[in-house]
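In: Output the structure for:
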Amino acid sequence: MTRGFWLLLHRWIGLAVAAFLIVEGLTGALLAFLPELNHWLTPQLYPGPHAGVELDLGTLALRAEALAPNARARTVYLGRIGTARIGMEARVESTPLDFDYLCLDPVTGEELGRLRWNDAPTSIERIMPFVYSLHETLAMGSVGEWILGFVALAWTIDCFIAFYLTWPSTKGGTSFRFFARWRQAWTVKLRSSFFRINFDIHRAGGLWLWALLFVYAWSSVCFNMNSVYTGVTRLLLDYDRPVWAQSAEGAVREARAPIGWSEAQSIGARLMGEQALAHGFSIDRPLALYALRGRGLYEYRVRSSLDIGDRYGSTALFFDAYSGELRRLDAPVGQHVGNTLTTWLLALHMANVFGLPYRIVVVLLGLGIVALSVTGVYIWWRKRAARRVQRWSSGAS
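Out: This is a model prediction of the structure:
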């Protein structure tokens, strides 16, 4: 295929995804400092750490259900220190809820407030949930996730096309001359015309940021088009698909009621303690308990010595929601090469490694993605205008 073909493909992929990448770049830059922004905007919901012994995950779930009798808990999450966020859903016989999460004080169990995802940011409490849902699904639910999956896949492919297009022609030249000419692609000539400066920013910026751009593009495929990510990763590496990405078809649903929250908390803590002894890791703190009702499972998650992230944790196990039998342990590293690589990929995407310096880098990367998108559209617009003038001149003559 000719260089012209790849240039045309790069142009149309860029135009197709530019608006989405601008949204993702801006919201991603904000989410790099999500805990701080949550605390700053809504200290009543996210007051930060305070003294006292935290209630266990099961007790917090029951407390949330007592506060909202028309709802039932589905997730309990302690990742935001000082706040327990309980995901809620309507009971089968109830009308739809006007909230998605209850925020509780993890020490006292008192209600701090209620949150609704995907709603327009009409109040200060809704700003960061809206930013998060905008970044995750364009605030459009499963439709937005589907759209962003295709955007991520196109972006990943375009990373390689764009890199190739920075190469100078190799006809009749030595390797030394190739690298001497390619070096110019990494620079911005500030004394040139406005168009040339935009072109240099677009080309050089893409080169300097290439590795991180690819990390974010490919990890976005993992989040939004996991079947593609799994297929490619399994071709190259030993990879065990996570439970959340597996089909729920065929899950056992018994006629009897599943284990309650208190018993699930006890079973999860016991099983995780046994796994820690068996596999030689230590548990820092419990983090989450999820009722995966459609799969007939509970997920119990902790932060452990296996976790690579600065915040949060991803050491998890799954057990049967009826018998309490252990189904699998998902360690963040050490089990499968592909899963370990994925853990690093997602931690980089979520600015969860290398502390404050990397979080600042992620903010700058988000702004860089915006700049690359804007300059790309500007270059296309200028060239399109020039082609129109040329055709008009040819026709007039």
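In: any chance you could map the helices in the stretch 251-397 of the chain?
Out: All helices of the stretch 251-397 of the chain, identified by DSSP state H, counting those that start in this stretch, fall at 261-279, 337-349, 355-396.
In: shaky segments in the stretch 51-200 of the chain?
Out: Residues of the stretch 51-200 of the chain meeting the criterion pLDDT under 70: 93-94, 170-175.
In: what about the helices in it?
Out: With DSSP H, counting those that start in this stretch as the criterion, the stretch 51-200 of the chain has helices spanning 57-67, 127-137, 141-165, 175-182, 194-208.
In: okay if I get these as TSV plus mean neighbour count and distance to residue 357?
Out: The way it works is simple: take the backbone N, C-alpha and C, and place the C-beta from them, glycine included. Below are the helices of the stretch 51-200 of the chain laid out as TSV (neighbours: other C-beta atoms under 10 Å; distance: least, C-beta to C-beta, whole Å):
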stretch	mean neighbour count	distance to residue 357
helix 57-67	21	33
helix 127-137	20	22
helix 141-165	18	24
helix 175-182	11	29
helix 194-208	17	17
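In: Could you save those as a markdown table and add columns showing distance to residue 392?
Out: Putting the helices of the stretch 51-200 of the chain into a markdown table (distance: least, C-beta to C-beta, whole Å) gives the following:
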| stretch | distance to residue 392 |
| --- | --- |
| helix 57-67 | 67 |
| helix 127-137 | 41 |
| helix 141-165 | 28 |
| helix 175-182 | 34 |
| helix 194-208 | 19 |
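In: Now the longest strand along the chain: buried residues?
Out: Longest strand in the chain by number of residues (criterion: DSSP state E): strand 283-292. Within strand 283-292, the residues that qualify as buried by neighbour count (16 or more other C-beta atoms under 10 Å) are 283, 286, 287, 288, 289, 290, 291, 292.
In: what's the answer for stretch 96-113, then?
Out: 100, 101, 102, 103, 104, 105, 106, 109, 112.
In: who touches it?
Out: For stretch 96-113, contacts defined as C-beta atoms under 8 Å, 6 or more residues apart in numbering pick out 42, 44-47, 50-55, 59-60, 63-64, 67-68, 70-71, 78, 82-90, 114-117, 125.
In: Among those residues, which are located in strands?
Out: Short answer: those in strands (DSSP E) are 71, 84, 85, 86, 87, 88, 89, 90, 114, 115.
In: In PyMOL, how would I select the buried members of those?
Out: Only the buried entries of those go into this PyMOL selection, using 16+ other C-beta under 10 Å:
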select buried, resi 71+84+85+86+87+88+89+114+115
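In: which of the ones in strands among the contacts of stretch 96-113 sit farthest apart?
Out: 84 and 90 (20.4 Å; C-beta to C-beta).
In: circling back: just send the buried residues of strand 283-292 back as TSV, with pLDDT too.
Out: Formatted as TSV, those follow (pLDDT from 0 to 100):
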residue	pLDDT
283	97
286	96
287	96
288	97
289	98
290	97
291	97
292	95
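In: from these, which single one is nearest residue 131?
Out: Closest to residue 131, out of all of the buried residues of strand 283-292 and judged by C-beta to C-beta, is residue 288, at 21.7 Å.
In: List the contacts of that closest one.
Out: Residue 288 neighbours (C-beta under 8 Å, 6+ apart): 57, 75, 76, 77, 78, 79, 299, 300, 301.
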